[in-house]
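> Fold the following and give me the result.
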Amino acid sequence: MKSKTLRILTLLIAIAMLAGCFAACDKGGGGVADKGNALEGADKVEWEYMLTTSPTTINVWFPSCWSKDSWAAGWTNDKAIFPHITEKTGVSLNVDVPVGTEDELLGVMIAGNELPEVIVLGDYTSPYFGQLRDGNFIYNWNELMDTYAPKMYDLIDDTNWNFHTDDDGKLWGYVGFAYDDDGLQGMMDCGVPPVHENNIIWCRNDVLNGFLAENKLDDITTLKQYTDFLYYAHKNFPDLDPVGMFVEDPHGLLWDYMQYTFGATIDGEVYINDDGDAKYFIYDPAYIEFLSWLNDLYIDGVITQNMLTYDQSSFDAKLYSAQMASIKDASYNVYNTLEVEIKNLYGDDENYQYSPVGPIKYDENTPRYIATTSTLGGQTTVIAKTTKQPDRIIRFFEYLFTDEGQVTINCGVEGDTWNYDSEGNIEFTDEIKELASSDLSKYWVDYSITAAFSPWCDTWYWEHYLGSLITQKGSREYNCNTVRLASYRNYYNAGLISLRSSITPGSDEDVIRTKAKELAKTYAVKMIAASSKDAFNSLYNECLKAIEAENIAACEKIYTETYHGYCDSLGINYLLSDNDTEVFGK
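All right, here's what the predicted structure looks like:
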């Protein structure tokens, strides 16, 4: 069983708040009950949701659902998970997955105060989150937990308390799917590295085997070796692209891998400089060295102009016909979709299939660490004051957040999708193992597990159970990932967490960022295709001037304030060099 750490934020002010501040709601709906009456009998149960289990229905608006077909048939007894949850809580969900987006629909709903009881926003950065909070349309969760479910405080993860409360410690929406230390541990418990799987370089077998034999190597593990491989592919396989670099923007795809080879200190588009301030990524020396490396390949003819202009369609056409000597991709794609497509074209000829190499370090003496999968979450659940049953709603979520609730929404129901083995561990049925590993979407739809409940799935449970299903021990994917993704650093504990999200969508700074991104992309392509290093440097200086003229400093100010705030929350220094972030693996 997994336990969570509680950060007490409002213990001493709860009684004062409940004395009258929230006795009524301004935006329609019933307010909260007297705490004493609401908690009568609570000392006799483990969790407050057990106090009332009479039948009720909660309306949920969920346009960002990851598996919309999971809710197509409604809350039906045909799927074991639904009656099981109702038996435990008395609750049935009426989930509305609307046709249309949050942006298209929610503004009108707010204007008319026609809000369902529970709203799932696509992300905590949604501009509607602030509107709902500031307009007094929603409850803060502290208020409801204090009144109806104080034991629930133990179930809310540290990421919500540390990063998603206001200055008074109020949590206005539960932000789900955060990858903090617990989520990373869930991945490691499965024996897989807690990083994105798509950080592996793959080489076409015939090219790779020829290169390794000629150079008396067993693998490609350094930047020089990989560079030599690209020259070898260009010379001996002229019809192939030596490498699949990017689609339209050099700051992606291959860079997503090479940023760790070149030693970048970056979180998405944000670079942390030696002064502990956040700068735009175009200032990162590692990124510029990467572009310079590509420029060397271009000058020598290894990279062509055509390779700099691929859109997604033309890139995929090359990829899925095995017309690239090397690619960056995820094991689950290479061992499934890509392998099948190549077999359809070339039959069982293994020369056209791809094998993993690396990890590719800068040199033999420089370690390479991938950033762990670290996010502050995404889908955000708010409770509207239009509801007349805030007690049942908060207690329903209390159930979902318990260990039993998490096992239910991440694994299903005992006897249906899983059973306990002789050691008391959850063991999925053979049918479920086969279905989840071969057709994950169908598994989600048929059983309404995990993706249907994604806003409320703790990532430890998600990775510990779903991860073990789709990356089963002993599989090719499992064996590949444990070798090729073996070294990683916990950048979550260094404050490098979704800094890009600190800029509000649609704000003046967002406009600046969009323009800067386009300039950075345009100049990066020009720099790769520069005829000389003098031309390369001249273009880089032009790029900096153009981006600075757009006032990128305004974005950097927000990035820096956010980064420093994260560091303060974590109790660490602003200088990355001073932060001994945990290193795993080799």
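> Off-centre distance for stretch 434-454?
Centroid displacement of stretch 434-454 relative to its chain, using CA atoms, centre = their mean, to the nearest Å, is 18 Å.
> Likewise for stretch 208-225?
With CA atoms, centre = their mean, you get 34 Å for stretch 208-225.
> what sits up against that stretch?
Stretch 208-225 is touched from outside by 201, 203, 226, 228-229, 232-233, 236, 261, 293, 355, 357-364, with contacts defined as CB atoms under 8 Å, 6 or more residues apart in numbering. Just so you know, the C-beta spots here come from the backbone N, C-alpha and C atoms, and that holds for glycine as well.
> Just the ones of those residues in strands?
When DSSP state E defines the strands, the subset of the contacts of stretch 208-225 inside them is 201, 203, 355, 357.
> what two of those residues have the greatest distance between them?
With CB to CB as the measure, no two of the ones in strands among the contacts of stretch 208-225 lie farther apart than 201 and 355, at 10.1 Å.
> Compare the two (neighbour count), which wins?
The residue with more neighbours, out of residue 201 and residue 355, is residue 201; 23 against 14, by other CB atoms under 10 Å.
> Can you tell me how far that one is from residue 486?
Computed with CB to CB, to the nearest Å, the distance linking residue 201 and residue 486 is 14 Å.
> Buried ones among the contacts of stretch 208-225?
Buried subset of the contacts of stretch 208-225 (neighbour count, 16 or more other CB atoms under 10 Å): 201, 203, 226, 228-229, 232-233, 261, 293, 357-362.
> Any stretches of the stretch 51-200 of the chain with poor pLDDT?
Along the stretch 51-200 of the chain, the parts satisfying pLDDT under 70 run over 181-197.
> Would you map the helices across it?
With DSSP state H, counting those that start in this stretch as the definition, the stretch 51-200 of the chain shows helices at residue ranges 81-89, 102-111, 127-134, 141-148, 158-163, 181-189.
> and the fifth one, what other elements does it pack with?
The criterion is 3 or more CB pairs under 8 Å, 6 or more residues apart in numbering; DSSP states H and E, and the helices and strands that helix 158-163 contacts are strand 174-175, helix 552-570.
> Let me see the domain layout of the chain.
Domain assignment for the chain by automatic domain parsing gives 11-182+377-412, 269-302+498-586.
> will you turn these into JSON lines that also has distance to residue 325?
Supplementary listing: those in JSON lines, determined by distance: least, CB to CB, whole Å:
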{"stretch": "domain 11-182+377-412", "distance to residue 325": "33"}
{"stretch": "domain 269-302+498-586", "distance to residue 325": "10"}
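> Quick check: which of those domains is nearest to residue 313?
Counting by CB to CB, residue 313 lies closest to domain 269-302+498-586 out of the domains of the chain; the figure is 18.3 Å.
> the strands in the stretch 401-550 of the chain, which residues?
Listed from the start of the chain, the stretch 401-550 of the chain has strands (DSSP state E, counting those that start in this stretch) covering 418-420, 426-428, 488-489.
> what's the last one packed up against?
Judged by 3+ CB pairs under 8 Å, 6+ apart, strand 488-489 is in contact with strand 370-371, strand 583-584.
> Each with direction, which strands does that strand pair with?
According to DSSP bridges, strand 488-489 has the following sheet partners: strand 370-371 (parallel), strand 583-584 (antiparallel).
> average model confidence for the first one?
Looking back up the chat, that one is strand 370-371. Looking at strand 370-371 alone, the average pLDDT works out to 74.
> now stretch 479-487
For stretch 479-487, the per-residue pLDDT averages 81.
> got the CA coordinates for that stretch in CSV?
Extracted in CSV, the C-alpha atoms of stretch 479-487 (Å, rounded to 0.1, in the frame of the first residue of the first chain):
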residue,chain,number,x,y,z
ASN,A,479,14.5,-5.0,-21.9
CYS,A,480,15.2,-2.1,-24.3
ASN,A,481,14.1,0.6,-21.9
THR,A,482,16.1,-0.7,-18.9
VAL,A,483,19.3,-0.6,-20.9
ARG,A,484,18.8,2.5,-23.2
LEU,A,485,17.2,4.7,-20.6
ALA,A,486,19.3,3.6,-17.7
SER,A,487,20.7,6.9,-16.4
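> Just the buried residues of it, please?
Applying a neighbour-count criterion of 16+ other CB under 10 Å, one finds 480, 481, 484, 485, 486, 487 buried in stretch 479-487.
> Now stretch 362-377 - C-alpha only, CSV.
Taking only C-alpha atoms (Å, rounded to 0.1, in the frame of the first residue of the first chain), the coordinates of stretch 362-377 have been written out as CSV:
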residue,chain,number,x,y,z
TYR,A,362,29.1,13.6,-25.3
ASP,A,363,32.3,11.7,-24.8
GLU,A,364,33.5,8.7,-22.8
ASN,A,365,34.2,10.8,-19.7
THR,A,366,30.9,12.9,-19.7
PRO,A,367,27.9,11.2,-18.1
ARG,A,368,24.5,11.6,-19.8
TYR,A,369,21.4,11.9,-17.6
ILE,A,370,17.9,12.1,-18.9
ALA,A,371,15.4,14.2,-17.1
THR,A,372,12.8,12.2,-15.2
THR,A,373,9.2,12.5,-16.2
SER,A,374,8.2,15.4,-14.0
THR,A,375,5.1,17.5,-14.3
LEU,A,376,2.8,19.6,-12.1
GLY,A,377,-0.2,17.8,-13.5
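> Show me the helices in the stretch 451-586 of the chain, by range?
With DSSP H, counting those that start in this stretch, the ranges of helices along the stretch 451-586 of the chain come out as 459-461, 467-470, 476-484, 508-528, 533-549, 552-570.
> which stretch among these comes nearest residue 46?
Smallest distance to residue 46 across the helices of the stretch 451-586 of the chain (CB to CB): 18.8 Å, for helix 459-461.
> Packing partners of the closest one?
Looks like helix 459-461 contacts helix 181-189, helix 403-411 (3+ CB pairs under 8 Å, 6+ apart).
> rerun at 6 Å
Contacts of helix 459-461 with other secondary structure elements, assessed using 3 or more CB pairs under 6 Å, 6 or more residues apart in numbering; DSSP states H and E, are made with helix 181-189.
> ok, residue 393 to residue 229 distance?
The span separating residue 393 from residue 229 equals 57 Å under the rule CB to CB.
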